[in-house]
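Provided below for reference: sequence and predicted model.
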Amino acid sequence: MTQIDFYTHTPDKYHTACVLCAKAVARGMRVMVYTPDAETTEKMDRLLWSTPAISFIPHCRGADRLASVTPVIVDHLADPLAHDEILLNLRPEHPMFFSRFHRLIEIVSQDEADRTTARERFRFYRDRGYEINSHDIGHKAR
């Protein structure tokens, strides 16, 4: 069953996504960052070139010829799926294919609209019997 982790109260959703990608890559894991649209895909692409500041997170789009050997896939398109390790969802809705992955990461900002859609996703997963781990990122910044 897919392991689900919610990272909540983050001041910057995209920075948190980059940090989590960097941690996963350092552990030899692969991540698919599922974005809501082409604009967000481009934004994450730019951020992964410079976050963290002293390194680079190898990444590409799902249809890229190097996707099968690249640790981080960033795309708003679900097909093709290059691996099934970690899915990092940046969309407001749950990904229909999330159960194909070993782990799902949901990042929740401090924005009320984002928190509302995250609660809906949380209930969706919980109501289907998934165990959910919550990590309050905001308490570290307080």
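Done, it's in. In this text the structure is predicted, and so the values were computed from the model without any measurement. Residues are numbered from 1 along each chain as shown.

name the single longest helix found in the chain.
helix 112-127 (DSSP state H).

average pLDDT for that helix?
Mean pLDDT, helix 112-127: 98.

now stretch 26-44
Mean predicted lDDT for stretch 26-44 stands at 97.

quick check: beta-bridge partners of the residue positioned nearest the centre of the chain?
Closest to where the C-alpha atoms of the chain average out (CA atoms, centre = their mean) is Leu88, at 1.9 Å. Counting by DSSP bridges, Leu88 forms beta bridges with Val33, Ile105.

what does the longest helix of the chain contact?
4, 6, 8, 13, 89, 92-94, 104, 106, 108-109, 132 (CB atoms under 8 Å, 6 or more residues apart in numbering). For glycine as for every other residue, the C-beta is placed from the backbone atoms N, C-alpha and C.

just those: which are in strands?
The members of the contacts of helix 112-127 that map onto strands under DSSP state E are Ile4, Phe6, Thr8, Asn89, Leu104, Glu106, Val108, Ser109, Ile132.

quick revisit: quick check, the residue nearest to the centre of the chain in contact with Arg30.
No - under the criterion of CB atoms under 8 Å, Leu88 is not in contact with Arg30, lying 10.9 Å apart.

about what we covered before: filter the contacts of helix 112-127 to the buried ones?
Buried members of these, scored by 16 or more other CB atoms under 10 Å, are Ile4, Phe6, Thr8, Lys13, Asn89, His94, Leu104, Glu106, Val108, Ser109.

residue contacts, the residue nearest to the centre of the chain?
Ala17, Leu20, Cys21, Val31, Met32, Val33, Tyr34, Ile105, Ile107.

now for the nearest residue to Tyr14 once chain neighbours are set aside, how many residues are close by?
Spatially, and ignoring its direct neighbours in sequence, Tyr14 is nearest to Leu47 (5.7 Å; CB to CB, 6 or more residues apart in numbering). Leu47 has 19 neighbours, counted by other CB atoms under 10 Å.

also Pro52?
13.

same check on the one 4 residues further on?
A count of nearby residues for Phe56, using other CB under 10 Å, gives 12.

got it, and Ala113?
For Ala113, the count of nearby residues is 9 (other CB under 10 Å).

compute the distance between it and Leu47, please.
21 Å (CB to CB, to the nearest Å).
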